[in-house]
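**Q** Here's my sequence, what's the structure:
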Amino acid sequence: MENTSSFFFELSGLNISLPNRRIYLGVALTSYAVTVLVNLTLVVTVATEKALHQPMYVFLANMCVNGVCGASTFYPKLLHDLAPGAAPGAAPGAAPGVASISYAGCLLQMCGIYSYSFCEYTSLTVMAYDRYVAICRPLQYHAVMTRAMVTRLLALTWALPLLETAVGIVLTARLPLCGNRLFKFFCTNWEVVQLACAAANTTPNNVYGFLLLLSHLLQTLLVLVSYVFLVRAAVRSHADRRKFVQTCLPHLVALLVFASSTAFDALFSRYGRRLPGTRTLSSALAAEFLVVPPLVNPIIYGIKLQQIRAPFTRFFSRSALFTRTRFCRQDARG
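**A** This next block holds a predicted model:
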């Protein structure tokens, strides 16, 4: 592969007949719209409510911003491919009805998806540290979680994932490719590495991939160990138990769902591709970490945290009241 500007990948994971395409388009568009709505609503709520200008809610809003970024690297391409006027099969030799993506577009999508994934891990780790200090060292919380510390942790949640992603993209971009068929409906690093020519040296990609997988598994283990201390601290008093249930359980559920789905997808992409009848399962689980966490996280936190649930309720009550008032005025004028 010498001319990357004219190179296209065939996304064989998206091969939908025209009658079904409108149904999937409606589901994807609704999911994307709801994801953006609930995340931005929570971000605006945290930004406008002075009572929520605390580290825990700032980190939560940061995670919601990352969720919108992750969804925006996945849904627009999917919606374009599902649109009735789209022309799939632009890749040379691609089968009719199969979507495609340019080489540069694939690298850009991978950059967005992996930055989102790594940022999600880092955000969950930072939030676990914040909860550990709040529950296990409550008297030192304000001395530890200063504005400067919060700023540094926020910078870490973005700088480290971007660095991890940049190294992976550079290692992949150097490989000569001897194929163009990807078995998913979006670009992943391992799928592209699998298309490298036989003479290409993919050892650095393999080593770096295993190092990333190991580091994020250790990150998850570190968070789980911190929860052992949180549980031990929470049993001391009713107030600590209440704080643990309200602020830590949603975080733990979000962490376990995201970690299990990403770990399974990483291992399945490497070792399970040749198993019969598993391509649909692989594609569904691959998309799960891009669809479910950004959609569910703000809803879970909004339901469990009274400090967020109350502004949420007021916001939607005002919106509903404004809508009813406007329609009443229009009816009166008519």
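**Q** hey, let's count contacts and neighbours off CA atoms from now on
**A** Noted.
**Q** what about this structure, any weak spots by pLDDT?
**A** Per-residue confidence for the chain (pLDDT under 70) gives these ranges: 1-5, 15-19, 85-97, 237-240, 243-244, 246-247, 266-286, 303-334.
**Q** max-length helix in it?
**A** Assignment by DSSP state H gives helix 103-136 as the longest helix of the chain.
**Q** Can you list the buried residues in that one?
**A** Within helix 103-136, the residues that qualify as buried are 103, 106-107, 109-136, counting by 16 or more other CA atoms under 10 Å.
**Q** which strands and helices sit next to that helix?
**A** Counting contacts by 3 or more CA pairs under 8 Å, 6 or more residues apart in numbering; DSSP states H and E, helix 103-136 packs against strand 8-15, helix 55-82, helix 141-144, helix 147-173, helix 203-234, helix 238-247, helix 249-271.
**Q** Now do that helix: distance to the chain's middle.
**A** 8 Å (CA atoms, centre = their mean, to the nearest Å).
**Q** hmm, back to that, of the helices and strands packed on helix 103-136, give the one that comes closest to residue 39.
**A** Taking CA to CA, helix 55-82 is the member of the helices and strands packed on helix 103-136 nearest to residue 39, at 5.2 Å.
**Q** Next, the buried residues of that closest one.
**A** Buried residues in helix 55-82, counted by 16+ other CA under 10 Å: 55-75, 77-79, 81-82.
**Q** Then stretch 144-151?
**A** Buried residues in stretch 144-151, counted by 16+ other CA under 10 Å: 144-145, 150.
**Q** now do stretch 40-51
**A** Across stretch 40-51, burial judged by 16+ other CA under 10 Å covers 40-43, 45-46.
**Q** which one of these sits closest to residue 300?
**A** When these are compared for distance to residue 300 (CA to CA), residue 42 wins out at 11.4 Å.
**Q** For the host helix or strand of the closest one, buried residues please.
**A** Secondary structure from DSSP states H and E places residue 42 in helix 18-48. Going by neighbour count (16+ other CA under 10 Å), the buried part of helix 18-48 is 21, 24-25, 28-29, 31-32, 35-36, 38-43, 45-46.
**Q** If you count contacts, what does it end up packed against?
**A** Where contact means 3+ CA pairs under 8 Å, 6+ apart, helix 18-48 is packed against helix 55-82, helix 279-304, helix 306-333.
**Q** Enumerate every residue touching the closest residue in space to residue 61 that isn't next to it in sequence.
**A** Excluding the flanking residues, the one nearest residue 61 by CA to CA, 6 or more residues apart in numbering is residue 43, at 4.9 Å. By CA atoms under 8 Å, 6 or more residues apart in numbering, the contact list for residue 43 reads 61-62, 64-65.
**Q** And the contacts of stretch 158-176?
**A** Contacts of stretch 158-176 (CA under 8 Å, 6+ apart): 1-2, 107, 110-111, 114-116, 118-119, 122, 189, 192-193, 196-197, 200-202, 204-205, 208-209.
**Q** try it again with 6 Å
**A** Applying CA atoms under 6 Å, 6 or more residues apart in numbering, the contact partners of stretch 158-176 are 1, 115, 118-119, 196-197.
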